[in-house]
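coordinates only, sequence not included:
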């Protein structure tokens, strides 16, 4: 038997966000434990396994969490929806940093947080011998799990941006993440997050989030945009995707040696 936090250790990513420190991450959509092991070993502060737009389920998430165990990289999981059963299952297999998509209000943020907390703090269902407790070997897990559970809520519409201050005030929300593609679509610029109106909204959102004292996050597929996003106020930023690295790298190599 071991005492909490057991083999997972403390969530240093959550601790860094509480201080609004810079954290550089990568988005992972290839649904492969081999890829997860490779990118976790690259030295990123955090890597998101995408369960919303990539073909990941709880079983594939588990394999990737196992592959990333032992690295200094925090393994996060974007759940497909703000739904308590999905959140419970992700936590039980050992994900402890969750990205919750399409949060539109403080009430929805509270619902997300409640799904990550055991009673009396929330509504998370209780089990004993799941992976998160080292299969029942970690003493004190249920009393302390929330201390290392990191909840990142994703704001993706104009309606959500209007609620930034209310959402940030929800106890248990560790960071607010701006989804640029869906925001662009909601603003009438589908497929064009670089539109000046969208960029202006993103910059305003970052400044307002940071003014609340919470961490601001976002994602870009272009490394050249990263410093500008950090200057806007985004302190936790995913600077690319495993899909983009593979696709663009393969294309560049083919273009170098093949003639069409």
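The structure has been received and is ready for your questions. The structure presented is a predicted model; accordingly, all values stated were derived computationally and were not measured.

can you spell out which residues form a bridge with the spatially most central residue of the chain?
With distances taken as C-alpha atoms, centre = their mean, the residue of the chain nearest its centroid is residue 99 (3.9 Å). Bridge pairing for residue 99 (DSSP bridges) gives the partners residue 78, residue 152.

for it, give me the pLDDT.
pLDDT, residue 99: 98.

quick one: it and residue 3, what's the gap?
29 Å (C-beta to C-beta, to the nearest Å). Where C-beta positions appear, they are placed from N, C-alpha and C, glycine not excepted.

just residue 37 next, same as before
Residue 37 is 28 Å from residue 3, by C-beta to C-beta.

more neighbours: these two, which one.
Each of residue 37 and residue 3 has its neighbours counted (other C-beta atoms under 10 Å); residue 37 has more, 17 against 10.

and residue 92, how many neighbours?
19.

ok, for it, nearest residue in space, not its chain neighbours?
Leaving aside its chain neighbours, residue 92 sits nearest to residue 130 (4.1 Å; criterion: C-beta to C-beta, 6 or more residues apart in numbering).

which neighbours in the sheet does the helix-or-strand element of the chain with minimal mean pLDDT have, and how are they oriented?
Here the helix or strand of the chain ranked lowest by mean pLDDT, DSSP states H and E is strand 2-3, holding a mean of 90. Using DSSP bridges, the strands paired with strand 2-3 in its sheet are strand 138-139 (parallel).

which secondary structure elements does the helix or strand following the least confident helix or strand of the chain contact?
Using DSSP states H and E, the helix or strand that directly follows strand 2-3 along the chain is helix 12-18. Under the contact criterion of 3 or more C-beta pairs under 8 Å, 6 or more residues apart in numbering; DSSP states H and E, helix 12-18 touches strand 23-28, strand 74-78, strand 150-155.

these: which one's closest to residue 53?
Among the helices and strands packed on helix 12-18, strand 74-78 comes nearest to residue 53, with 8.2 Å by C-beta to C-beta.

buried residues in the next helix or strand after the closest one, which are they?
As assigned by DSSP H and E, the chain's next helix or strand after strand 74-78 is helix 84-92. Applying a neighbour-count criterion of 16 or more other C-beta atoms under 10 Å, one finds 84, 86-92 buried in helix 84-92.

rebuild those residues as TSV, extending it with distance to residue 43 and pLDDT.
As requested, the buried residues of helix 84-92 are arranged in TSV below (distance: C-beta to C-beta, whole Å; pLDDT from 0 to 100):
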residue	distance to residue 43	pLDDT
84	34	98
86	30	98
87	28	98
88	31	98
89	29	98
90	24	98
91	26	98
92	28	98
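
which pair of the residues you listed spans the longest distance?
84 and 92 (12.2 Å).

I'd say the residue nearest to the centre of the chain and residue 48 touch.
Yes: contact status for residue 99 versus residue 48: in contact at 6.1 Å, counting by C-beta atoms under 8 Å.

mutual contacts of these two, please.
When contacts are counted by C-beta atoms under 8 Å, 6 or more residues apart in numbering, residue 99 and residue 48 are jointly contacted by 76-78.

quick check, nearest of the residues you listed to residue 125?
Of these, the one sitting nearest to residue 125 (C-beta to C-beta) turns out to be residue 77, at 17.4 Å.
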